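K.L.:
sequence plus the predicted model coming up.
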Amino acid sequence: MTGPKLNEASMVAGERTGTKASAMYLRVSAYKARVVLNLIRGLPVRRADEVLQFSDREVSNDIRKVLASAVANAQHNDEQDPEELFVRACFADEGPTLKRFTPRARGRGNRINKRTCHITIVLGRLDEARLEVVQAREAKRTAAGRRRPAAAGTSASRRARVERSRQRAAEAKGGPTTPDVQDDAVVDEIEDSEVLEAVSTEGAEGSASDEAQAARGESAAADEPAAEEGSASDDVTTDEETAVTEGAEGSASDEAQSDAGESEADAKEDN
């Protein structure tokens, strides 16, 4: 007959200490399973499930299934609240070993041991003192994870922030922690100053854009006379070039006529 497990806190064989779930003939060695089981022993069920979920060991998936099965057994068979359970005991027993061989050099063969194991998880109910500690810790985590109801950027959230800052300042000085009557006026002044800053910023941007447009207009107006002067000078140079060309053509025609007259006079003298 198999003896009792020491980590079940039971020294009598056959005594039931909690709700149990087992997985038989898992294809993993008991040595590797015990490394993960040591992480969750004694933890509340919720915390143990988180540890198994974020563990990088492959056997964690199988152990997590066994834990879920034990929680289901405690809830449906023993009518216990899952939030009040913790891992009382968890252990891995060695199962049958599958012997295989792999060929090696010179006709030899080496044996491969494919080990198996049996994983068992036992759950129990937390005592009252520890249950209060676990519930307080969960409530604190839930309260810390809540979001603020007021949306950022609204006047209500700004007013609340001003009130909180004034309360902190009053507590630091040792004065009253209640907000003053002038808080509303101060908040209104802050809002008005923010609006004025926004309006002044928009006005400055508009004036800057107007000045840029005026500068562009002046530069365009300055470019137009220069373009007119350039066109006038171009016309003058064109006229001068035309006159020079006409003078050159006239002189060429006069030279041709004088040459023709001289040739006629020479012909008359020869006759």
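P.N.:
Nice, thanks for sending it over.
K.L.:
where does the stretch 101-250 of the chain dip in pLDDT?
P.N.:
Low-confidence segments of the stretch 101-250 of the chain, defined by pLDDT under 70: 142-155, 175-250.
K.L.:
how near is Lys163 to Lys173?
P.N.:
To be clear, residue 163 is Glu; Lys isn't right here. 16 Å (CB to CB, to the nearest Å). Quick note: C-beta positions are derived from backbone N, CA and C, even for glycine.
K.L.:
more neighbours, those two?
P.N.:
Glu163 (17 against 8; other CB atoms under 10 Å).
K.L.:
and the more buried one, backbone torsions?
P.N.:
phi -60, psi -40 (degrees, to the nearest 10).
K.L.:
Asp78 now?
P.N.:
According to degrees, to the nearest 10, Asp78 has phi -100, psi 0.
K.L.:
so what's it closest to, chain neighbours aside?
P.N.:
Thr19 (5.4 Å; CB to CB, 6 or more residues apart in numbering).
K.L.:
got a pLDDT number for that neighbour?
P.N.:
Here the pLDDT value assigned to Thr19 is 90.
K.L.:
and what of the one 5 residues further on?
P.N.:
pLDDT for Met24: 96.
K.L.:
what's near enough to touch it?
P.N.:
95, 118 (CB atoms under 8 Å, 6 or more residues apart in numbering).
K.L.:
surely it is in a strand?
P.N.:
Yes: the assignment for Met24 is a strand, going by DSSP: H, G, I helix; E, B strand; the rest coil.
K.L.:
does Val28 count as helix, strand or coil?
P.N.:
Note that with three-state DSSP, the state of Val28 is coil.
K.L.:
gap between it and Arg46?
P.N.:
25 Å.
K.L.:
who has more neighbours, the two?
P.N.:
A direct count of neighbours by other CB under 10 Å for Val28 and Arg46 places Val28 higher, at 20 against 14.
K.L.:
just give me the neighbour total for the nearest residue to that one once chain neighbours are set aside.
P.N.:
Sequence neighbours aside, Val59 is the residue nearest to Val28 in space, at 4.9 Å (criterion: CB to CB, 6+ apart). Residues lying near Val59 (other CB under 10 Å) number 22.
K.L.:
repeat for Ser60
P.N.:
Ser60: 20 neighbours (other CB under 10 Å).
K.L.:
quick one: what helix or strand has it in it?
P.N.:
Ser60 belongs to helix 59-76 when assigned by DSSP states H and E.
K.L.:
ok, Val36 next?
P.N.:
helix 30-40.
K.L.:
and the angle from the helix or strand following that helix to helix 59-76?
P.N.:
Toward the C-terminus, helix 30-40 is succeeded by helix 45-53 as the next helix or strand (DSSP H and E). Relative orientation of helix 45-53 and helix 59-76, computed by axes from the mean of the first three to the mean of the last three CA atoms, to 10 degrees: 160 degrees.
K.L.:
I'd like the average pLDDT over helix 45-53.
P.N.:
94.
K.L.:
could you count how many residues lie near Arg125?
P.N.:
17.
K.L.:
which residues does it form beta bridges with?
P.N.:
Leu85 (DSSP bridges).
K.L.:
stretch 117-131: which residues count as buried?
P.N.:
117-126, 131 (16 or more other CB atoms under 10 Å).
K.L.:
output those as TSV; include the columns distance to Arg108 and secondary structure.
P.N.:
Compiled in TSV, the buried residues of stretch 117-131 are given as follows (distance: CB to CB, whole Å; DSSP: H, G, I helix; E, B strand; the rest coil):
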residue	distance to Arg108	secondary structure
Cys117	30	strand
His118	34	strand
Ile119	36	strand
Thr120	40	strand
Ile121	43	strand
Val122	46	strand
Leu123	49	strand
Gly124	52	strand
Arg125	57	strand
Leu126	57	coil
Leu131	61	helix
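K.L.:
just give me the neighbour total for the residue nearest to Asp78.
P.N.:
23.
K.L.:
ok, the helix or strand containing Asn110: who's next to it in the sheet?
P.N.:
Using DSSP H and E, Asn110 sits in strand 109-114. Sheet pairing of strand 109-114 (DSSP bridges) gives strand 98-103 (antiparallel).
K.L.:
having no further points to raise, I will conclude here.
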